[in-house]
Structures are given as structure tokens and as C-alpha cells.
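Peer 1: Below are the sequence and a predicted model for it; my questions follow.
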Amino acid sequence: MPPVTHHRPTTLHTVHTLAVALLTIGGVGYLGWLLEFFLETGLSPLSASIDELSAVGQPYRNVFRTAEIIAGAAFVLSVPPLLRLAPVHWQARLTVGAVSVLGVLLVVRGVTAPDCALSSGPVCAQRQEFSAGHHVHHVASVLLSLHYAVGTGTLVLWWHGRWRVRAAVVAGLAALAWLAIIAVEWIVPGSYTGVAVRARAILVGVAIAVGIGYLLTVGKRQGGEWQDSRQ
């Protein structure tokens, strides 16, 4: 009987590559709102929230909605390979769950859309009735806001060394950005909300990049097995 050949390291390498690729696609799609600086959207980055870019009537709404859907789908698809790579303890699984929730909420928000851009004028602000899609979009946006505040923090629970410090810094800054959004809305409503929202979105993008960097660094083959780096 011929000997059985094991390809576990090769298989894990493929899973590792797939996870990195999907997270990269998700990260690029998530930052798709940066296209507003190259397109004539008619909205001010100072006051308009990012989700207003996909509001009904906006000229490039389908571009921003598509980017968000692609990002969400990529994050959801990254969950199986991440579960294959993540350590078998609840802290790591919690992080993978956070990635899954992020993906689902982005897809929901991309599929739905606001009925109008709130910062575009008093007509939208004074509107009394909104569609079901508008309400679903709003709920998804609120849940995403909460997710941004705590999602990165799950990494602090199980990363080690310099990686834990990096995760803690990004999570702390994301939480501060979330508080800044609340403060701006309370002190000067509608004036600089866009700045705070975009700052937070950039920090979320940084968190995704840090996660990808972690995967690229800790996936080291040592003695035929994949070991978690403690650096």
C-alpha cells in the first residue's frame, strides 16, 4: 500500500492566501467612498455623512453602493478561511464573528439606500415619511457605528506583543472618533459631522490593514506546522 501524502502546510498556505486576498478586496471596497474626491457628488465632505453618497438622487450612488456590497461580500466570504486559520479559542472566534457581522451590515447598507441626502437641504430634513429601505439602511448604519467602536477591540483580547499594542491604539482612536461624532452632532449639528465620520472610516480601514499585516506576519511555517507569532 503506497504511503499517504499529507499536504496540510500547502493547504493552509492556500487558505492563508485566500483570507488575505478577500480581506484586501474588502478593505479596498470599504474605502470606496474616497472616490468622492474624484467625482462631482455635490455633497460636502465636511457635513455629509458617507452613506449620503448612495442616497436616492445622487449622481454616483450606484458606484458607492456597489463598492460597499463588494466589500461586505468579501468580508463574509473571508469568514471560512479565517475560521480555518484562527486559534481555537473564543477570543479569536469573536474577532472572526466581528468580521462576519461587518460584512453582513455592509451588504445590507449597500443593498438599501437613504431616500435623500440629509445634508443636501431642508427638504430632506423636513421630510415626514420614508421608505422601508431608508429605515433598514439607517438601522444598519447605526449598528455599523456601534460595531466600529468595539469590533477592533476584540483583537486586543488575544493578540500579543506589538500586535496587541497596535490593535489597542487603533481601537482607542476609533472609539474616540465615535465619541467625536456624537459630540459634533450635539454641539454643532450638521456642521462637521462628515469630518468625524470620515476620520473614523479611515481608522477602520487602518484596522483592516493591520489585520491583513498580522495575517501576513504570523502565518509562518515552522517545522511543517503553522505557528502563531508572539512578536
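Peer 2: Thanks, I have the structure now.
Peer 1: Distance of Asp25 relative to Leu143?
Peer 2: You called it Asp, but residue 25 is Ile. Ile25 is 22 Å from Leu143, where distance means Cβ to Cβ, to the nearest Å. All C-beta spots, glycine's among them, are computed from the backbone N, C-alpha and C.
Peer 1: Give me the number of neighbouring residues for Val104.
Peer 2: Val104 has 17 neighbouring residues, counting by other Cβ atoms under 10 Å.
Peer 1: contacting residues for the nearest residue to it once chain neighbours are set aside?
Peer 2: In space, Val104 comes closest to Val76 once its chain neighbours are excluded; the distance is 6.3 Å by Cβ to Cβ, 6 or more residues apart in numbering. Applying Cβ atoms under 8 Å, 6 or more residues apart in numbering, we find Val76 in contact with Ser100, Gly103, Val104, Val107.
Peer 1: Check which element follows the host helix or strand of the last one along the chain.
Peer 2: Right, Val107. Take DSSP states H and E as the rule and Val107 turns out to sit in helix 90-111. Downstream of helix 90-111, the next assigned helix or strand under DSSP H and E is helix 122-125.
Peer 1: any idea of the mean pLDDT in that following helix?
Peer 2: Taken as a whole, helix 122-125 has an average pLDDT of 79.
Peer 1: Give me the buried positions along that helix.
Peer 2: Cys124 (16 or more other Cβ atoms under 10 Å).
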